[in-house]
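J.: got a predicted structure plus its sequence, pasted below:
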Amino acid sequence: STASSDPNLLVGASQGDRLQHQSVLSVSQFTRTELHALFGVAQEMRQMVNRMGMLDLLRGRVLALVFYEPSTRTACSFAAAMQRLGGTVIQMTDVQTSSVSKGESLTDTVRTMASYADIVVLRHPEAGAAERAARALPKTPLINAGDGTGEHPTQALLDVFTIREELGTVNGLVITFVGDLRHGRTVHSLARLLALYQVRINYVSPRELSMPSEVLEDVASRGVEQREYTNLDDCIAETDVLYMTRLQRERFADPNSYERFHSSYVITPRILTRAKDTMIVMHPLPRVNEIAPEVDSDPRAVYFRQMEYGMYVRMALLAMVLGRS
Ligand code: CP
């Protein structure tokens, strides 16, 4: 069944007013108050989906997916989020069968899609592409669904939501990022967003794939303690949130260097014997070989719930950006 709902009535929506009709390009746009307003609405969305399946909140509204790079979770969870809110979805998710293959520019493409839709969700291989596209759309909000090695802000929002849902709080935690921290845009956004909290962050990577200095500097400027390691053994015992990442094969210019790092860090049940019983294992997914399938049945593995939370967070974001415009 469906229900008519006024987004004004959703918990905390009034504190997220600044999101109304705004593009979402970077986590740096968010304050803690706005995050908690969003998370309150996401919790409401979760309850309403479980109770009713879908709502009428965005009936008559259209979302445009514009994806120049592959995606399963981000594209489909945005589509599901819009449909569960009563809206509809159009998509340009295959550059080969769209006019991009004829040489149409990014800005002309998003202008086209925005003329059919109320909101545009963009994934693109170039850092800064989302900001460039948003400037071409003075009337239509745009959500950055990942821009090259730049940011993936809605992934970071769902990641912090996951930590709160699973552990009850973010403050006081030790979060350990593992893997390709140089190319992984999810960790760039998440480290910056976590800097709104009192946390300690560990980075575990091969030296060649370490966290970019501009991210380290941003996080340090917020007073967050950060430590860099090459060996996970040196910090797994103190970790509360183990955030695994995939080697970003598509960002390596030299395939040989990809092969060199391919199996640098693989989480197995044996490695988890050294971790806290309360630790959680997260991953933005897709995984390649960073987490052995035997870990999936460990109660500390939360990555499948993490991707489900993504739909509730994206429902909340769409409701708050479009809800009362
Ligand atoms: N986490 C994430 O962005 O997954 P997709 O690439 O499948 O969208």
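T.: Sure, I can see it. Computed from a predicted model, the values in this text were never measured in an experiment. Residues are numbered from 1 along each chain as shown.
J.: and the protein, which residues reach the ligand?
T.: Contact residues, the chain versus the ligand (C-beta under 6 Å from any ligand atom): Ser71, Thr72, Arg73, Thr74, Gln155, Pro284, Leu285, Pro286. C-beta: built from backbone N, CA, C; applies to glycine.
J.: need the contact list for the residue in the stretch 101-250 of the chain that the ligand sits nearest to.
T.: Nearest residue of the stretch 101-250 of the chain to the ligand (C-beta to the nearest ligand atom) works out as Gln155 at 5.4 Å. By C-beta atoms under 8 Å, 6 or more residues apart in numbering, the contact list for Gln155 reads Thr74, Gly146, Arg185, Thr186, Ser189, Leu190, Pro284, Gly310.
J.: hmm, try it at 6 Å
T.: Thr186, Pro284 (C-beta atoms under 6 Å, 6 or more residues apart in numbering).
J.: before we move on, back to that, which ones among the residues of the chain next to the ligand lie within helices?
T.: Arg73, Thr74, Gln155 (DSSP state H).
J.: I'd like those residues laid out as CSV, including distance to Phe161 and pLDDT.
T.: Compiled in CSV, these are given as follows (distance: C-beta to C-beta, whole Å; pLDDT from 0 to 100):
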residue, distance to Phe161, pLDDT
Arg73, 14, 98
Thr74, 15, 98
Gln155, 11, 98
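J.: buried subset of the residues of the chain next to the ligand?
T.: Buried members of those, counted by 16 or more other C-beta atoms under 10 Å: Ser71, Arg73, Thr74, Gln155, Pro284, Leu285.
J.: OK, contacts around the third one?
T.: Thr74 makes contact with Ala145 under the criterion C-beta under 6 Å, 6+ apart.
J.: separation between it and Leu58?
T.: 18 Å (C-beta to C-beta, to the nearest Å).
J.: before we move on, what about the fourth one?
T.: According to C-beta to C-beta, Gln155 and Leu58 sit 22 Å apart.
J.: ok, now the second one?
T.: Here the criterion is C-beta to C-beta. By it, Arg73 lies 21 Å from Leu58.
J.: likewise for the first one?
T.: Distance from Ser71 to Leu58, counting by C-beta to C-beta: 21 Å.
J.: show me where pLDDT drops low in the stretch 101-250 of the chain?
T.: By pLDDT under 70, the low-scoring segments of the stretch 101-250 of the chain are 249-250.
J.: okay, helices next: where are they in the stretch 1-150 of the chain?
T.: Ranges of helices within the stretch 1-150 of the chain are 32-52, 73-84, 106-114, 129-135, based on DSSP state H, counting those that start in this stretch.
J.: out of the buried ones among the residues of the chain next to the ligand, which is nearest to Val62?
T.: Relative to Val62, the closest of these is Thr74; by C-beta to C-beta it sits at 18.1 Å.
J.: measure stretch 198-218 end to end?
T.: The first and last residues of stretch 198-218 sit 15 Å apart, counting by C-alpha to C-alpha, to the nearest Å.
J.: I meant stretch 221-228, not that one.
T.: 17 Å.
J.: pull the residues that contact it.
T.: Contacts of stretch 221-228 (C-beta under 6 Å, 6+ apart): Ala195, Arg200, Ile201, Asn202, Tyr203, Val219.
J.: Ala79 and Val89, how far apart?
T.: 5 Å.
J.: what do you get for Ala129?
T.: 21 Å.
J.: now Thr112
T.: With C-beta to C-beta as the criterion, Thr112 and Val89 are 16 Å apart.
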